[in-house]
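**Student:** My questions are about this predicted structure, shown below with the sequence.
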Amino acid sequence: MTNDHYTVDWDHLQPLVMNQIQDAITITDLQGRIIYVNDAECRLIQRTREELLGASVFDYGEDQTRGSSQHNIIEQTLQQGSWRGEVVNYNSSGEELILDCRTQLVYDAQGNAVAMCGIATDITHRKRMEQTLLASENNLAITLNSIGDAVIATDNRGCVTRMNPVAERLTGWSLEEARGQPLRDIFRLCDVHTREPLNDPVASVLHTGELARLANNTLLLSRDGVARQIADSAAPIRDAQGQIIGAALVFRDVTDEYRMRQMLRESEARYKALFVSANDGILVADAETRRFRYANPAICRLLGYNADELIKLTLYDIHPPEIHKLVDDKFNYMLQQSHKIHDIPCRRKDGSIVYVDISGTPMILDGRPCNVGFFIDTTERKKAADKIRENHEQLLAIMDANPDPVYVADPETYEILHINRALLDAFGEPGSRKCYEHFHNLPSPCPFCTNQRIFGNNFGKDYIWEFHNSRSKRWYRCLDRGIVWPDGRKVRYEMAVDITALKRAEEALRESVENLSITLQSIGDGVIATDEGGRVVNMNYVAEKMCGWNLKEARGRVLDEVFCIVNADTGRAVENPVHRVLALGRVAGLANQTMLISRNGIRHQIADTAAPIKDKNGAVVGVVLVFSDVTEKYRAEKSLKESEERLKNHWLKRIPFCVSYIIAPRIICRSFVQCWGCRRHTAAVRK
């Protein structure tokens, strides 16, 4: 046997060595077929040598789900020359075997691998003990970690071996940091009043072997300097022979408990003071007799009795007879748990009625079950609530009497809280439908919902808008406002006025205005319309061109600013005919010598007429001014007159006197007649 190469002489090796070894030995060929097993292997798997020889190692109880498989073992042994690991197998009885296995290639004299030798040590018992110990350790750890109190375990020298998370938190030390440390360094105690150090209780336990407890005035100083009041006990840990092998220290933080006790003492003192000085009435009644046991000054003032008088009365003496059953039922309920009832009538000593809210809670007083009642006078509140309810009923009555549709809805849930008769007639009973479902047949809130416009900073302000309801095919002018409902909710109020007829009239008026505009633009003369104040409301294209103003610029301006007229001969301003029409209410015209000066300075000789615009009652609501440009006509007439004058002068100089004698009188007479309007003379001259 040299350099890990073996030359096997089975005849001498088997009887001398193999059967003396306690570990199981199996030798296989390179394919895993068994060629030798020792006695220990036969005993281990409870099979005879005859059963095993020639069989494959894959045929005997291999657990493929645990450990390493035989295939992997053989493969790694062939590749690496050896292998070691744990294998789970089963004997012929089905018992589980956990084996520590080592395999090695066996070589011949030429160095060729000819077989594999496997040696298995049964570690089943050891593994089970390890598992049991691990489970025990885990259970102990789980138990310690689940305990609400802090736990520290020490060895027999007083050094820390275990501590749970609560102990870690209270001491400020982690288990890793504290393990092996003396307990006195981890668990530092002092007196709550003097802050003097106290003895380590574990040292006493290890010395005496008896249970030890801390005094009530013990403070634990944590690693970070926090002081906590604790209560604890320490007990010895003994082994199976009764020897002390350590100590267990169990403690808990009672800082809050001591604080609560102190607070309770202080609370009792305050309770007495509050009971006497409280503004709310307080009565304590016995659960069985219903008789009052204590009464504070406030309840005496409320009911008009003194304390001595009240403790002679029962629960039923301070309430009207008609509610005795209700009061008794509520009292029984309050004996089980705290409860509050509202606006309960109480009868005062003088017989008058006051209304109260009563908050009752059960308590044990001097060993007897009692009920403590706190009374708050709500008489004024009830009167106010009754007034609010009355006003609300009046509001609903007004809504129902309103011929216009009115409804109230919750802005959060869209629940319809009230709908008046007009809406009921138009849309029917809403039932549980939302407002957007009932009024608009929509599956979700309306995209035009005005909630954002009437809540928040706009709460209480009116928002007026118009909209067309596709369900009713009607136009409405809506007034929306956020109001407070009797239950305190801010809700949406909406009143809708049907303006369908108005909309139709507006449409007709719009069409009429469009037709009028078309007509105005078609007229060859200039046309300007004003309101009753003489301000421009409309003008056609001819008027825009002659005045130098477009309608957008001129609308709303005083007519004198747009329609500037002067005397053509003198240049002086003349009275605007619109003013005469507004003053007299009849048609008025301009003088013949009127000149219109446009915005850009162009002058137009004009002729015009102004007429009143009257409503159906005959009242003047505006004026229409019609004017035309007669500049060319005026120039032609003037030119004709000048030509006639020149012709007359020309012929008078050249015609003989006799002709003049015949003609001149006719011309002179005609001029005279034209100047003085003597029509009969004109006729005579013509004859």
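**Tutor:** Looks like it came in fine. Numbering: from 1, shown residues only.

**Student:** tell me the secondary structure for residue 542?
**Tutor:** Three-state assignment for residue 542 (DSSP: H, G, I helix; E, B strand; the rest coil): helix.

**Student:** now it: how far from residue 596?
**Tutor:** Distance, residue 542 to residue 596, by CB to CB, to the nearest Å: 12 Å. For the C-beta atoms, the positions are set from N, CA and C on the backbone; glycine is no exception.

**Student:** center of this structure - which residue?
**Tutor:** With distances taken as CA atoms, centre = their mean, residue 412 lies nearest the centre of the chain, 11.3 Å away.

**Student:** Tell me which helix or strand that residue sits in.
**Tutor:** Here residue 412, judged by DSSP states H and E, is contained in no helix and no strand.

**Student:** Show the contacting residues for it.
**Tutor:** Listed by CB atoms under 8 Å, 6 or more residues apart in numbering, residue 412 has no contact partners.

**Student:** now swap in residue 631 and tell me
**Tutor:** 603-606.

**Student:** related to what we said a few turns ago, for residue 542 and residue 596, work out which one has more neighbours and name it.
**Tutor:** Taking neighbours as other CB atoms under 10 Å, residue 542 and residue 596 compare with residue 596 leading, 24 against 20.

**Student:** give me the beta-bridge partners of that one?
**Tutor:** Applying DSSP bridges to residue 596 gives these bridge partners: residue 565, residue 604.

**Student:** What values do phi and psi take at residue 109?
**Tutor:** With angles defined as degrees, to the nearest 10, residue 109 sits at phi -70, psi -20.

**Student:** Would you mind checking which of the contacts of residue 631 is nearest to residue 113?
**Tutor:** Nearest to residue 113 out of these is residue 604 (CB to CB; 131.6 Å).

**Student:** Report whether the expected contact of the closest one with residue 629 is present.
**Tutor:** Yes: counting by CB atoms under 8 Å, residue 604 touches residue 629, with 4.8 Å between them.

**Student:** Can you find the helix or strand of this protein with the lowest average pLDDT?
**Tutor:** Lowest on mean pLDDT, DSSP states H and E among the helices and strands of the chain sits helix 679-686, with a mean of 40.

**Student:** that older thread, so how far is residue 559 from the residue nearest to the centre of the chain?
**Tutor:** Taking CB to CB, one finds residue 412 at 57 Å from residue 559.

**Student:** Just give me the closest of the contacts of residue 631 to residue 408.
**Tutor:** Nearest to residue 408 among the contacts of residue 631 is residue 606, at 63.2 Å by CB to CB.

**Student:** For that closest one, list the residues it contacts.
**Tutor:** Contact analysis of residue 606 by CB under 8 Å, 6+ apart lists 526, 546, 565, 590, 594-596, 627-631.

**Student:** Just to be sure, which of those residues are found in helices?
**Tutor:** 546, 631 (DSSP state H).

**Student:** Dump the contacts of residue 606 to JSON lines, plus pLDDT and distance to residue 56.
**Tutor:** Listed next are those as JSON lines, based on pLDDT from 0 to 100; distance: CB to CB, whole Å:
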{"residue": "526", "pLDDT": "89", "distance to residue 56": "125"}
{"residue": "546", "pLDDT": "91", "distance to residue 56": "125"}
{"residue": "565", "pLDDT": "90", "distance to residue 56": "133"}
{"residue": "590", "pLDDT": "70", "distance to residue 56": "136"}
{"residue": "594", "pLDDT": "86", "distance to residue 56": "137"}
{"residue": "595", "pLDDT": "88", "distance to residue 56": "136"}
{"residue": "596", "pLDDT": "90", "distance to residue 56": "130"}
{"residue": "627", "pLDDT": "89", "distance to residue 56": "129"}
{"residue": "628", "pLDDT": "88", "distance to residue 56": "131"}
{"residue": "629", "pLDDT": "86", "distance to residue 56": "130"}
{"residue": "630", "pLDDT": "87", "distance to residue 56": "136"}
{"residue": "631", "pLDDT": "83", "distance to residue 56": "134"}
